[in-house]
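Trainee: sequence and predicted structure are below.
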Amino acid sequence: MDIAAQLPLLLGLAWLAPLASFVAILFFGPRMGPHGRNAAWVATAAIVTSLVLSLFAAGAWLGAHPVLAAHHGDGHHGETLPTEQSAGHDAQSASHGESHAPVAYAGDWYTLYQGGNLRLSIGWYIDALTVLMFVVVTFIATCIHVYASGYMHDELHDVTDHEVHLSGGGHLHRPGRFPRFFQALSLFCFSMLGIVIAGNLAMVFIFWELVGICSWFLIGFYYERKSASTAANKAFIVNRVGDFGMLIGLMALWGALGTLHFADSAATPAAAARPGLFSLVRPASGGHAIRVPDGMVKFAAAAEVAKTPAGEVAGKIDDWRSKGLGRWLLFIAGVGIFCGCVGKSAQFPLFVWLPDAMEGPTPVSALVHSATMVAAGVYLVGRFYPVLTPDVLLVIAYVGAITLFIAATIALVANDIKRVLAYSTVSQLGYMMLALGVGGWSAGLFHLVTHAFFKSLLFLCSGSVIHACHTNDMRKMGGLVRVMPWTAGTMLVGCLAIIGAGIPFVIGLSGYYSKDAILAQALSFAQANPAHSILYLAVAGGAFLTAFYMFRLWFMTFAGEPCDHHVADHAHESPAVMVAPLVVLSVLAVAAGWTLPGGFGLANLLEQARPAGTVEGMAGGFAFGNLVFPAEHLSHEGAIHVTATLTAFTTALAGVVLAALMYLLKIISPAVVASIFKPVYAFLAGRWYFDELYHALFVVPVLGIAKLASGTDRGVIDRIVDGLAWTARQLAGIDAWIDRTLVDGLVNATANATWSAGLELKKLQTGHLRQYVMFIVVGTVALFVLASLLFRTSIAG
Amino acid sequence: MDSAASLTQPALWPLTAIVFLPAIVAAFLSLPIVPKARDEFIRWATLLTTAVVFVLSLWMAWPQLFGAAGPAQFKLGEPGMQAVVKLPWIKAFGIEYLLGVDGISLPLVVLTTFLAMLAAAASWPITKHVKAYHVLFLLLETGMLGVFVSLDFFLFYVFWEVMLLPMYFLIGIWGGPRREYAAIKFFLYTLLGSVLMLLAILMLYFTSDLRQLTPEQLLASHVVSPALDAGAQAEAVKVIKDAKAPIHTFNLLALAQIGQLPASPFAATQLWGMSLEKWAFLLLLIGFVIKVPVVPVHTWLPDAHVEAPTPISMILAGVLLKLGGYGILRICYPICPGAGLDFAWLVCGLGVVSMVYGAFAALAQKDFKRMVAYSSVSHMGYVMLGLGVWSAVAGHEYRWDAWAQGVNGAMFQMLAHGISSAGMFFMVGVLYDRVHHRNLEEFGGIFNRMPVYSGLAVAVFFAGLGLPGLCGFIGEVLVTLSSWNYSRILAVISAFTVILTAAYILWAIQRVYLGAEYKGPHGDHLTPITPRELAIATPLVFFAILFGVAPQILFNYVTPSVNRQVETLADWTRRVHDAAPVAPAVAGVPENGTGRTRIESDGVAVR
Amino acid sequence: MSGNGMLGSGMAMIGPLFAATADGVSVTHYLVVGAVLFTAGIVCMAVKRNALGVLMGIELVLNGANVNFVAFASPYLRGQGALSLGIDGQVIALFVILLAAAEAAVALAITLNFYNNHSTVDIDRADDLKG
């Protein structure tokens, strides 16, 4: 079977398997064994199927496009097989040295809407990144499914929820919801894989929303808890704020270009072949350099186009483009799509939902809110990279930098173990965004993958701890290394991985490679653009903070003496079904960054999918001055690499040492430090008061406007309508009065007059014959007199 | 037409049966031989009637369902009017019994029959004057169906009014505590609309002149029945062409043809400084937007919904609101294209204002049903916006497919909203039947008490929220995406609405279904969903999912007709509207083929 | 013209009659007699309270008219060549007499009846039918 047909089939099935599991559990969940125990098996079987299929797909991919040792800069990135994506450009870009489009397979399964040339569809876009993400997502999901089948066993029987206080005074007692958890988890896996495989932005948006609602279900899993349902709503609504921006981006693209497909689509019987977004923005004819597409130029120059005769429009486009028309549109499109990523990946200013999302069960936090869903934003930026202009990238870099700094500072003082990890997630996502923003496409996505492993590991470890201690508060823990050696050990691996521990220039954990790559690229960028060197400082400072808070967490939890003996006595090592995933994940947290002899490694695999036109770096920008994005391979060389690695090592070491001084050796008292920097501490502990700020800035006014609108209806519009009705009634009253008095009066008066005239005339009817004779005589005489007076002439002739 | 021949028209009996069967059964039920006390019999008879009508409409819409397709059944992909029935009615004024369906009206007919069936099933809890209720209910169904299938403006108006009266009584007698107020408010609002509409109808009628149309146009608009043989056709055309005085017409298709003529008498006639076309458009628009409804003529809706009994709310939200959108699409734009173009800002603006205002108002409601009612205002705003962007992009390139997307989206939104809003009202009704209050603050914990019901309800509410995979998403996205080409500002505002929608729906779900315990009165009445309720809710949820996953099912019907109409009007814009001031014909094809031009050598493209 | 001022204008209208009968007794004389009878009858009807008196008055009036009929039937007044027996007036007068007889019979019967009911023939008492 041709690889172009094989991959969509394999990955499509891998994508749909969790959906089947979702449907099965939806209808038959409670009947799957006692309390739906077997739902876990169904869901796990589905995700294992996905994993196996993904691995097959990866194998097929590697078979067709073997990963070789990287030859940076010579334009070779894997194979340049003629594919749907690259076939059209081979003729133009045959000469080496120009950048090639990456190998990708794209197509459509299913059309949602077609009108004229506009088409919304469900399709695939498969390149090395897609395959890699499939493997990573399904792998982590498998680990977490296994882990959750142990972690969620409480839900197999009736549950007493101690966090819910009923009005009667007791706690809530409810049946377990074991199948429902796996049902939502399956739906989530389906949605997440849908984002990964999506062949166009509309499909991304569809699954973007779907993961959002899965997240809503999972955060609100304990929906009896007010805090959980509120957190779920907050997550969804904040995400919708991001989606609002994303919609604007979609509109800007769709309105001007009429397509949302990433790749060029081949001709079908129904439609002609059409270029996709990537080749519209980075046409092969221009060496894949960014260029404002004709559609956008025309859109921005609508007034000019209207004045231009039809035949001459095409000739003037270049002229208009050189005047800068349409570049704002491209900027808006990029920033708009990035807004969606800001929401989903919990970037500043929309990161506030993620820490609250920790209300969900811990496996959810591990899968959804650290490893996969929140990484979808980063993934999308990576996927959408060819369309992002230098200005957009700078925005992304700064958003990432701000996020990583804010989140890291809050993590310093948080005491809830899951919140520390949540803020650490936000901070790491900031790292990735920053990396992408400074031109480190590969570095950012590399960190995405490694982070997925070690962060899910960290979350699962924290879940294991919570499972043992029944509390999230680190101040009540301590000394757990003795009772939970496996958990402590794997978590240490995770902490080391996240701070990027390693022996400089020799070997390290996975984070060592990805973080170094980010640091190096940031340094490289800072050198090329001295005005933006603060980005490098943010990265370096962030590395220090990361090391500090991660080891603070580890020391507070596992080291030293138990703080709360009640908790410590209760603690126990988790069952094997939970520990096994920890071990598997910790192996990957260590090794995921390694490049095997022969060149096989994630970094080189990613290079296969590197967007066309980014190999040699790029330059440009109109809104923020000229920006230079150095090529990524430059950051692996010489001075930059050495400086970055040493910086990373030193800062991380400093962080660990400081944490050890404060929390392990207790030489510096945290309490004293807190009291010295009291305002700062309060500010950080209050999480920079973002929640309060947003509440005052957005929630209150929105509710106010809502009240106003509702009040306007009742107070103004209804008043007017009622007033009109009242006026009509009054008018009707006047009308009735006129009827009764004037019109009826006239009629009655006539009748009365007739009546009284009759009465008067009656008097003449005396009954006296003699009078009648007199009347006749007198009358006759009178007639004669009258006739003689009036008709004399006429009768006499 | 020869009357013997006219009775053999293939669609005559099927269409007539669809429209009038409910009325006939209503007449039968109202006879004294049906004892008032036999409630069950009356209910079953009504349900059976609505079911039969539903199957009939399905038979028309889905020929393959029952074997080989007959001549009266709908041919998919055919954009024009089908199953046309034409009988003379009031000859003195050229009023005809002219019925027909196309891709725009047929899905709405099926939606109506479907919802009427579910609403009939949902009418079981009605115990007051059961006989009268069902008689009125069936009359209402006849009225609604008649509006969708009539192609004669007078007939349209008659059905429009037929629909109004039963609704008034259904709200005013079987409603809640403030039913009289709500019913009168509903009646006055809609009556105002009807009166303005009547004015416009007469204006158009007396300005129209069939002699201006070519023989082909006369045939296409069924003024001269295409079913006649060639000789009879020629004779009929000759009669019209040779007439000494203008021949007025109520035929909607013919009026559209006349309105799109280069020398349209509607555009040429001036009245108090505006063309008659514009007056007619505005009058009709007011009539229709009251039904839609848009801000600021929407306040009848919350009251009517809150007071109406559950099945009537379902019909009201599911079908009646669609009549406004349908009217704008079928009548306003084709007949008054020039005014449609000039007033596009008005239509779009009203749509966007409704979207935002309705969403904000929904956010502030304490009454569950009122919140759902305001969500209808917000959702129908999308319909207006989608219809409005339609004629609006006439700037430099005739991107008819972008307009078509808006109209298709609006049509889809109407159908989707028909399902989701009917579902939402039903879900509210299920709770109200049990605990007899609708205060959002006094619910909570329903999920644990009524799990199956809550699952279905949440699905329906998510459909209203516009979640992908459910029916609400497609329409909203298509409309929003299409609006960018018309106005960036309106597009951004409409995109902003998605946040508010999420907010009010999720907040309501949280307050009603989630939470630990029920906080209101009659908690012990929260019994699980009954089989009858399940039988109503399940189809709604099923279709909400089906149309969300496979929108093509609907688009297969809608798109050909909508595209044809939009293409025709796009063509009209270039040929008539823009040809007048500027000479150069703009026929540019955008480089990536997103626009397409169609040049007709003569005459309006045949609808 | 002497005497009857009341008929003066009427005389003026039929003025040519006098020229035709310049000698001896003319139609005018008959007419005067008729008028006198008529006037006497009228006066009788107007002043008599006795029903029989009134009946007599009626007879006078009728006979006054008869005189006129006969007078106008005079050959002097007839045009030449008219197809007639020359006794039209007399025939009509006979009819009138006949009618008068019938009328008198009926009237007397009424009066008798009235007398039986009211014991009087005073017509001023006979006002039962007034409105």
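Mentor: On my side now, so go ahead. Since the structure is predicted, the reported quantities are computational estimates derived from the model, not experimental observations.
Trainee: what's around residue 56, how many residues?
Mentor: Going with chain A. Counted with other C-beta atoms under 10 Å in any protein chain shown, residues neighbouring residue A:56 total 16. All C-beta spots, glycine's among them, are computed from the backbone N, C-alpha and C.
Trainee: I was after chain B.
Mentor: 18.
Trainee: so how far is residue B:66 from it?
Mentor: 11 Å (C-beta to C-beta, to the nearest Å).
Trainee: Three-state assignment for residue A:662, please.
Mentor: Secondary structure state of residue A:662, per DSSP: H, G, I helix; E, B strand; the rest coil, is helix.
Trainee: surely it and residue A:674 touch.
Mentor: No. Under the criterion of C-beta atoms under 8 Å, residue A:662 makes no contact with residue A:674, lying 10.5 Å away.
Trainee: name the helix or strand of chain A that has the lowest mean pLDDT.
Mentor: helix A:84-87 (a mean of 39; mean pLDDT, DSSP states H and E).
Trainee: ok, chain C next?
Mentor: Ranked by mean pLDDT, DSSP H and E, the weakest helix or strand in chain C is helix C:8-13, scoring a mean of 45.
Trainee: top helix in the chain by residue count?
Mentor: Let's take chain A. Secondary structure of chain A read by DSSP state H shows that its longest helix is helix A:226-257.
Trainee: actually, chain C is the one I wanted.
Mentor: helix C:88-118.
Trainee: against chain B, how distant is the residue of chain C positioned farthest from its centre?
Mentor: Note on chain C: the largest C-alpha distance from the chain mean falls to residue C:117, namely 30.9 Å (C-alpha atoms, centre = their mean). Distance, residue C:117 to chain B, using C-beta to the nearest C-beta, to the nearest Å: 62 Å.
Trainee: show me where pLDDT drops low in chain B?
Mentor: Applying pLDDT under 70 to chain B flags the ranges B:1-7, B:67-69, B:391-399, B:577-607.
Trainee: and the strands in it?
Mentor: Along chain B, the segments classed as strands by DSSP state E run B:82-90, B:95-101, B:270-271, B:274-275.
Trainee: got those strands as TSV, with distance to residue B:386 and mean neighbour count columns?
Mentor: TSV is the format used below for the strands of chain B (distance: least, C-beta to C-beta, whole Å; neighbours: other C-beta atoms under 10 Å in any protein chain shown):
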stretch	distance to residue B:386	mean neighbour count
strand B:82-90	24	19
strand B:95-101	21	24
strand B:270-271	30	12
strand B:274-275	26	16
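Trainee: which residue is the nearest non-sequential neighbour of the closest residue to chain C within the stretch 501-650 of chain A?
Mentor: Chain C sits closest to residue A:623 of the stretch 501-650 of chain A, with a gap of 109.0 Å, by C-beta to the nearest C-beta. Using C-beta to C-beta, 6 or more residues apart in numbering or on different chains and skipping the chain neighbours, the partner closest in space to residue A:623 is residue A:391 (4.5 Å).
Trainee: next one: residue A:663
Mentor: residue A:555 (3.8 Å).
Trainee: would you enumerate the residues in contact with that neighbour?
Mentor: A:659-660, A:663-664 (C-beta atoms under 8 Å, 6 or more residues apart in numbering or on different chains).
Trainee: I'd guessed residue B:520 sits against residue B:440; true?
Mentor: No. Applying C-beta under 8 Å, one finds residue B:520 not in contact with residue B:440, separated by 9.9 Å.
Trainee: which parts of the stretch 651-797 of chain A are helices?
Mentor: Applying DSSP state H, counting those that start in this stretch to the stretch 651-797 of chain A gives helices spanning A:670-676, A:678-685, A:690-694, A:700-712, A:718-738, A:744-762, A:769-790, A:792-796.
Trainee: and those: which comes nearest chain B?
Mentor: Among the helices of the stretch 651-797 of chain A, the nearest to chain B by C-beta to the nearest C-beta is helix A:700-712 (3.7 Å).
Trainee: identify, by residue count, the longest strand of chain A.
Mentor: The single longest strand within chain A, with elements called by DSSP E, is strand A:105-115.
Trainee: ok, residues contacting that strand?
Mentor: A:3-4, A:7-8, A:12, A:83-85, A:119-127, A:199, A:202, A:261-266, A:270-271, A:276, B:401, B:404-405, B:408, B:474, B:478, B:551-552, B:555, B:559, B:562-563.
Trainee: in helices only, show me these.
Mentor: Per DSSP H, these map to helices at A:3-4, A:7-8, A:12, A:84-85, A:202, B:401, B:404-405, B:408, B:474, B:478, B:552, B:555, B:559, B:562-563.
Trainee: narrow those to just the buried residues.
Mentor: A:3, A:7-8, A:12, A:84-85, A:202, B:401, B:404-405, B:408, B:474, B:478, B:552, B:555, B:559, B:562-563 (16 or more other C-beta atoms under 10 Å in any protein chain shown).
Trainee: residue ranges with poor pLDDT in chain A?
Mentor: Counting by pLDDT under 70, the ranges of chain A that qualify are A:1, A:68-100, A:269-271, A:792-797.
Trainee: in it, which residue is most central in space?
Mentor: Closest-to-mean residue, chain A, C-alpha atoms, centre = their mean: residue A:344 / 3.2 Å.
Trainee: do I have it right that residue A:458 meets residue A:493?
Mentor: No. Residue A:458 is beyond contact range of residue A:493, at 9.3 Å (criterion: C-beta under 8 Å).
Trainee: settle it for me: which of those two has more neighbours?
Mentor: Taking neighbours as other C-beta under 10 Å, residue A:458 and residue A:493 compare with residue A:458 leading, 34 against 24.
Trainee: name the nearest residue to that one, ignoring sequence neighbours.
Mentor: That would be residue A:494: by C-beta to C-beta, 6+ apart, it lies 4.1 Å from residue A:458.
Trainee: residue A:64 too?
Mentor: residue A:3 (4.6 Å).
Trainee: show me the contacts for that neighbour.
Mentor: Per C-beta under 8 Å, 6+ apart, neighbours of residue A:3: A:60-61, A:63-64, A:105.
Trainee: again with residue A:606
Mentor: Each residue near residue A:606 by C-beta under 8 Å, 6+ apart is listed here: A:128-129, A:132, A:442, A:445-446.
Trainee: again, 6 Å this time
Mentor: Counting by C-beta atoms under 6 Å, 6 or more residues apart in numbering or on different chains, residue A:606 touches A:442, A:445.
Trainee: phi, psi of it?
Mentor: phi -60, psi -40 (degrees, to the nearest 10).
Trainee: go on, the one 5 residues further on?
Mentor: The phi and psi values for residue A:611, taken as degrees, to the nearest 10, are phi -60, psi 140.
Trainee: is it in contact with residue A:387, as I believe?
Mentor: No. Residue A:611 is beyond contact range of residue A:387, at 9.1 Å (criterion: C-beta atoms under 6 Å).
Trainee: ok, back up a step: kindly reformat the strands of chain B as JSON lines containing distance to residue B:193.
Mentor: Formatted as JSON lines, the strands of chain B follow (distance: least, C-beta to C-beta, whole Å):
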{"stretch": "strand B:82-90", "distance to residue B:193": "24"}
{"stretch": "strand B:95-101", "distance to residue B:193": "21"}
{"stretch": "strand B:270-271", "distance to residue B:193": "20"}
{"stretch": "strand B:274-275", "distance to residue B:193": "20"}
